[in-house]
Structure formats: structure tokens, C-alpha cells
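Chemist: Sharing a sequence plus its predicted fold:
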Amino acid sequence: MKLSFKKVVLITIPVLLIGASIYYYIEKSKKGTEDTGDGNWIYRRSLNVENNQDIPLSEEDVLLTINTKELIEQRKLQQNCADLRFVDDDNLTQLNYWIEGGCDTENTEVWVRIPLVPKNGKTVYMYYGNEIAEDTQESWKGNFIIQNINGCSGETKKEDIFDGKYAMGSKVFGNTGGASKHSHEIENTTNNCTQKVYLSTSGSSKEDSNILSKKISSTEISIPSVETYFCSTENGLLPENSITMIDSSFLPSGWTLEKDIIGKFTIGISDKELTKNTSHAHKGLNSDIIENGKDTINKVTSIEVSTSSNIPPYYTMKYITNEGIDFLKPGSIAMFSQLPPLGWTYYSSLEDRFVLGEDQNIGKTGGDTSHKHTITLKTETVKGSIESNEYVCTSQKISTTENSSLPEYVTVIFGKKKSSLKVSLNVESAVFEQEKEETVTKEERKNDEKVIAQNPEVKENGQVLGVSAPSKPTLPLTDGRTNPTYILSSTPSFSAIYSDLDTDNATAYEIEVNANSSFSGYVYWDSGKVSTTIVDDARSSEYTYNGVALTNSKNTLYWRIRFWDIDDEVSEWSDPASFVDFFNHSQLKGLDLKGIKIN
């Protein structure tokens, strides 16, 4: 039996497609394993980022929680999570990210910075599955500084620098200062008065022949405190009984109030004797020994030094502790040796201040960096010799010099964890299988269509199907990108793939730009039918926007394109594409591509 042209083609095409598919699979596999660069990523998941602010957001950090333990067990992810990558909605621009902690657990927290989140949200992508990829997350050389009453456990290690010291907020970590003891001197006066008490300048007491020692006794700088262990870790997934702070009345789930620190400061574990006092006193020194002489002088019979507060500058917050292994919750305040690159902001309210535990009055300030005391004297008149040029007047207020109220401290950097937009993690797709399926399906469809188009015997309603309109344009790009969230200028360019089953060239195009995806809204631009030349299966030239002036409104606009061939047959409109009217690049932070190979 003689086969017709149509049957021969229809039998041959599937055979060729099967062979082509096998060849494609082998070549693709070889390329993935022999790649000398960062290789290829096998898996992808889309992430839906919701924007509940009703305004576009720039440089937005969003928080993801990922079950990396499952992916590692399935051998889809490296054990150190190094092959995670995040890509913007154009499926090209790599996004900066930082793993806060918990790699190889069911709850791994990852911060991703998105340059622009439109009002209606957006979709970005997560890639993984590359055995040779290197870690490209944001560099961070710091540590969480966490307190624990029971000791440092898990991945945390004790920081001995805090033993017997307090933590004071600063922009720099690790500076030390303050003192464990302090003293004062009695301030002399230069005023004239009749009732003078002369001061000893040597600072000694009973052996001194003068009346009153200028220097008063030394005493401990002591404030109401609770001892804790100061521990450090790179991992934000913290062991149980870790202590952190919040500046609101809200208590996060899984965390409880640390009642023992209410009204107190925390100090590093040591053998120091702690106190509950908020004030202190000193002793004045006077001598009963009078040198023989004829001068009338005032002998001190008693000296009283007033008490004074030595509470340092503070900011009240609620101390909380976790009931089990957990991450710090959004809104938590933590100490760092270096502020994390993403997801945390510097907490300036604690700069040059100490944290005082509170439950109700959160955000209250008080204390001071220095203090002084007043002196009360009782005297009697005696005969002796004056051997000092310094004195105080009993008829006037007598005070000590000021001295520091700062206890021994180590400076730390305080940061507050950001809140995040809601992010939904969608189902996994295999990049390779998806590409293979799409490629084969496209080839099958195109070849099947060509069989019909090239067979003049195939008719429908008396019309020869070999004369056909161009196919619907595909892969529309704005400024060379898919649905970008910003444009390169106020006059973006548009292009798409032209194809025609008759292999005819394109002769014209038309572009519409509209405020609505259904193209029933405000018309920004309708190019009309414009001459062009495009060969079959090729991308068009880039056609420059020439409509209503764009104003950097940050609104999402939609566009579509269609083509005419040499038979003046017109294609369907392409599927709607979009772009955001946002071209002020000073508001964007550049993101470097780091060799990601997809699509």
C-alpha cells in the first residue's frame, strides 16, 4: 500500500520527536554534570509575597520559614544550605538573602531583600538542588549575644569578657569601661566666710594634723542585679531558657516573662556579692589631733555624707525566656557583636544605656552617668594652727565632686527584629523536567501544526488551512525582562517572539499599554499598526514606548502585542505582560548576579 504524504509525515514526526527527546535528555544531563562553573539548579518553588500596606515598598526584607531538613534528607539541598538562591519576578535578578539560622531543621529562617514590592504584591522564586554551588548569602561575621541563667548550652559558648560586667548599648561591640569602686572629694570653696573648716590635702585621716580629710571613703558601685551567663552563637535558633527582651506588652508565643529580672539589671556571672540597693553612701574622715597654735579654728565633731543614687542611664524593657528551642520573634530586641545584614534594625534607644527589667512601664528612661553627695558637719571652736589653704564654709552647702555612676561594662550592639510581609511557599517543581516537558510539547505542537499547514489537501469548510495567520506572540519582554518591577527609563522598550506556521515574515506590529489587565481601563498608548520586519521564529526589535508620559507612579501597567504577516493576516494578541511605572533608580539598590544558571 502506498502511503500518502500526510501519513508519512505524521508517522515520521513522532519518531523524530522521541529521538530528539532522548538526545535532549542526554545532552542536558551531561551539561548539568560537566558544568565547570556553579552548575545548574534542579528545583524551584515560587513565593507569593503579599503587600498589606497599600503602597509600594522598596528594599523590603521578607522572612521565610523553610523545612530544609526534609530537603537535605531527600538530597535536594546541600547540608549547609549553600545552594539556596532567590530570584526576583523577572526570573533573572538574584536577590540578596541571609540565613538567620536553623539550617538542616524543619524551621529554617531566611531573610530575603526584595528591591520593590508593588501594592498588589509579587511572586519571586527560590532555587535549590546544586551539589557544587557555593554559599552566596550576605556575609556576616557577628554573633548573637544571648543570656541564660542556667549556663551556655547547645551551639552557644560562654563569653568570659562579661564576667562581673554589665552590657551597655553602643554602635561598637567589645569596648569596656566603668568601675567596680569609686570615691569622691569634698569640694573646697573660695568664698569668704567666718565659719571655716579646713581641709586636709594629704587624704590621710588620724595621723593628719588638719581638721577634715578632703577625700572620703571608697565604696562599691552596686546596683540591683541578677547574674546570668552571657553566651554567643552564630545560629539564631536558640536553646531553651535563652533570655532576650521586648519593648511592648505583647508576649510572643512560646516565650514567658522572666519575673526575677523585674526591677533589676543583668550582670555576667562572677563571685561578686550582689545588692538590692539603688543608692549608696560614703564615710567622711576627720581628725581629733590638733596642732598647738593660737589660731581659732572649727574642729569637726561629726560628719555625715548623704546617700545618692548610683543607677546608670537605663531603658526599661521586658525580659523574656523561651520554653523550648526557638527563634527570636519579630519585635524582639537582641544583643550582637555585629548587626545582621538583613532582617534587623539598629536599636538606638539603648545607645549608651543599660536595660532595666520591667513588666508594665516599658520604654521608660532614667538614671545618670554621674552623681555627687552633700556633706553635713558639726563643729566646735578650738585653738590650734592652720596648716591648709583649702577650706569649706559651714554656713554654705557642702558637696562632693561628681564621679561616674557607670558600673563595669562591655559595649554591645542592640538590634530589633523586623516584622515581615506574609510569604506563601508554593509547591516544588523540577526545573529540568519542566523545561524538557515544555520544550517537547512546544516541538510536538509546532510540528503537528506544520503538517497541517504544509498539506494543501487539508481543508476545513472549503478553506485551505495552509494559509494561516501568525501564531500568538510569545515571551513578551519589557526592557529585556519578564514583568519587571521597575523600568530602566520613562520610555521602556517592548519585544516578543514572532512565529508563523507558513514561515512568513512579519510586516507590522501593534502595541497597547493599559491601566487594566483586561485592557478595558485607561489607555496609556496604542501604537496603531506600525511597519516592521521580523523573520519567522525570531524576537522582534525593541519597540520604544511613545504614549502618555510615565510619572514614576509605581503603578502596575499592562501591555500586549500582535503581528501581521505578508498576507496581511493578523495574529491574536499576546497574553498580557506587565511592568511597574518606577524608574527612579536612586531608590533601588543594585543586585549583582552571581552565576545563577536557569532557563
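Modeler: That came in fine, so what should we check first?
Chemist: which intervals of the stretch 251-400 of the chain have sub-threshold pLDDT?
Modeler: 272-279, 285-294, 385-387 (pLDDT under 70).
Chemist: make it 90
Modeler: 270-310, 369-400 (pLDDT under 90).
Chemist: What of the stretch 51-200 of the chain?
Modeler: 54, 91-92, 180-200.
Chemist: Walking through it, point out its helices one by one.
Modeler: Using DSSP state H, counting those that start in this stretch, the helices of the stretch 51-200 of the chain run over 68-73.
Chemist: With the stretch 301-450 of the chain instead?
Modeler: 431-453.
Chemist: Which stretches in it count as strands?
Modeler: Assigned by DSSP state E, counting those that start in this stretch, the stretch 301-450 of the chain shows strands spanning 308-309, 314-322, 326-327, 332-336, 344-346, 354-357, 365-366, 370-371, 374-384, 391-393, 398-399, 403-404, 409-417, 423-430.
Chemist: repeat for the stretch 451-599 of the chain
Modeler: Along the stretch 451-599 of the chain, the stretches classed as strands by DSSP E, counting those that start in this stretch are 459-460, 463-464, 474-478, 493-498, 506-514, 523-526, 530-534, 538-539, 543-544, 556-565, 577-580.
Chemist: coming back round to it: got the strands of the stretch 301-450 of the chain as a markdown table, with mean neighbour count and distance to C231 columns?
Modeler: C-betas here are computed from N, CA, C, even on glycine. Converted to a markdown table, these look like this (neighbours: other CB atoms under 10 Å; distance: least, CB to CB, whole Å):
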| stretch | mean neighbour count | distance to C231 |
| --- | --- | --- |
| strand 308-309 | 17 | 31 |
| strand 314-322 | 22 | 13 |
| strand 326-327 | 20 | 15 |
| strand 332-336 | 22 | 10 |
| strand 344-346 | 17 | 18 |
| strand 354-357 | 24 | 16 |
| strand 365-366 | 12 | 28 |
| strand 370-371 | 16 | 32 |
| strand 374-384 | 15 | 43 |
| strand 391-393 | 21 | 50 |
| strand 398-399 | 19 | 43 |
| strand 403-404 | 17 | 28 |
| strand 409-417 | 23 | 13 |
| strand 423-430 | 13 | 30 |
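Chemist: so can I have a markdown table of these showing distance to L257?
Modeler: Below are those laid out as a markdown table (distance: least, CB to CB, whole Å):
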| stretch | distance to L257 |
| --- | --- |
| strand 308-309 | 26 |
| strand 314-322 | 6 |
| strand 326-327 | 15 |
| strand 332-336 | 14 |
| strand 344-346 | 23 |
| strand 354-357 | 9 |
| strand 365-366 | 21 |
| strand 370-371 | 31 |
| strand 374-384 | 39 |
| strand 391-393 | 50 |
| strand 398-399 | 41 |
| strand 403-404 | 32 |
| strand 409-417 | 18 |
| strand 423-430 | 30 |
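Chemist: for the strands of the stretch 451-599 of the chain, which one sits closest to V226?
Modeler: strand 577-580 (52.0 Å; CB to CB).
Chemist: Parallel or antiparallel, which strands does the closest one pair with?
Modeler: strand 556-565 (antiparallel) (DSSP bridges).
Chemist: From the chain's centroid, how far away is the partner strand?
Modeler: Averaging C-alpha positions (CA atoms, centre = their mean, to the nearest Å) puts strand 556-565 39 Å from its chain's average.
Chemist: Mind listing what's buried along that strand?
Modeler: T556, L557, Y558, W559, R560, I561, R562, F563, W564, D565 (16 or more other CB atoms under 10 Å).
Chemist: does the second one have beta-bridge partners, and which?
Modeler: According to DSSP bridges, the partner residues bridging L557 are F579.
Chemist: tell me the contacts of it?
Modeler: V513, N514, A515, Y524, S578, F579, V580, D581 (CB atoms under 8 Å, 6 or more residues apart in numbering).
Chemist: Which of the residues you listed sits closest to P239?
Modeler: V580 (43.7 Å).
Chemist: OK, contacts around the closest residue to the closest one other than its chain neighbours?
Modeler: The spatially closest residue to V580, leaving aside those adjacent along the chain, is T485, at 4.9 Å (CB to CB, 6 or more residues apart in numbering). With contacts defined as CB under 8 Å, 6+ apart, T485 is in contact with D88, D89, D90, P115, L116, V117, P118, K122, F579, V580, F582.
Chemist: How much space separates N483 from S527?
Modeler: Here the criterion is CB to CB, to the nearest Å. By it, N483 lies 20 Å from S527.
Chemist: Ok, D260 next?
Modeler: From D260 across to S527, the span is 73 Å (CB to CB).
Chemist: could the strands of the stretch 451-599 of the chain be laid out in a markdown table, adding distance to E185 and mean pLDDT?
Modeler: As requested, the strands of the stretch 451-599 of the chain are arranged in a markdown table below (distance: least, CB to CB, whole Å; pLDDT from 0 to 100):
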| stretch | distance to E185 | mean pLDDT |
| --- | --- | --- |
| strand 459-460 | 110 | 40 |
| strand 463-464 | 111 | 38 |
| strand 474-478 | 75 | 95 |
| strand 493-498 | 78 | 96 |
| strand 506-514 | 80 | 97 |
| strand 523-526 | 78 | 97 |
| strand 530-534 | 90 | 96 |
| strand 538-539 | 85 | 94 |
| strand 543-544 | 80 | 96 |
| strand 556-565 | 71 | 97 |
| strand 577-580 | 68 | 94 |
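Chemist: so which of those comes closest to L350?
Modeler: Across the strands of the stretch 451-599 of the chain, closest to L350 is strand 577-580 (CB to CB), at 37.9 Å.
Chemist: CA-only coordinates of that closest one in CSV, if you can.
Modeler: This file holds the C-alpha atoms of strand 577-580, laid out as CSV (Å, rounded to 0.1, in the frame of the first residue of the first chain):
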residue,chain,number,x,y,z
ALA,A,577,2.6,41.4,30.2
SER,A,578,3.2,44.0,32.9
PHE,A,579,5.7,46.4,34.2
VAL,A,580,5.8,48.9,37.2
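Chemist: contacts for it?
Modeler: Against strand 577-580 from outside (CB under 8 Å, 6+ apart): 56, 116, 118, 476-479, 482-487, 492, 494, 517, 554-560.
Chemist: out of the residues you listed, which are buried?
Modeler: Counted by 16+ other CB under 10 Å, the contacts of strand 577-580 give 56, 116, 118, 476-479, 482-487, 492, 494, 517, 554, 556-560 as buried.
Chemist: Next, the contact list for L57, please.
Modeler: N51, L116, V117, L421.
Chemist: Y229 contacts N148, doesn't it?
Modeler: Yes: using CB atoms under 8 Å, Y229 is in contact with N148, at 5.0 Å.
Chemist: So between D260 and S527, which is more surrounded?
Modeler: S527 (18 against 14; other CB atoms under 10 Å).
Chemist: Got phi/psi on G254?
Modeler: Dihedral pair for G254: phi 90, psi 0, per degrees, to the nearest 10.
Chemist: swap that for Q338, please
Modeler: Here Q338 shows phi and psi, under degrees, to the nearest 10, equal to phi -150, psi 140.
Chemist: residues in contact with stretch 102-109?
Modeler: Identification of contacts with stretch 102-109 by CB under 8 Å, 6+ apart yields 63-70, 72, 79-81, 99-101, 235-237, 327.
Chemist: count of neighbours near L339?
Modeler: L339 has 16 neighbours, counted by other CB under 10 Å.
Chemist: any idea how far it is from V172?
Modeler: Counting by CB to CB, the gap from L339 to V172 is 11 Å.
Chemist: between those two, what contacts are shared?
Modeler: Between them, L339 and V172 share these contacting residues under CB under 8 Å, 6+ apart: I413.
Chemist: Can you get me a residue count around the residue nearest to G169 when sequence neighbours are not counted?
Modeler: Closest residue to G169 apart from its sequence neighbours, by CB to CB, 6+ apart: L350 at 3.4 Å. Neighbour count of L350, defined by other CB under 10 Å: 26.
Chemist: Could you do T491 as well?
Modeler: 14.
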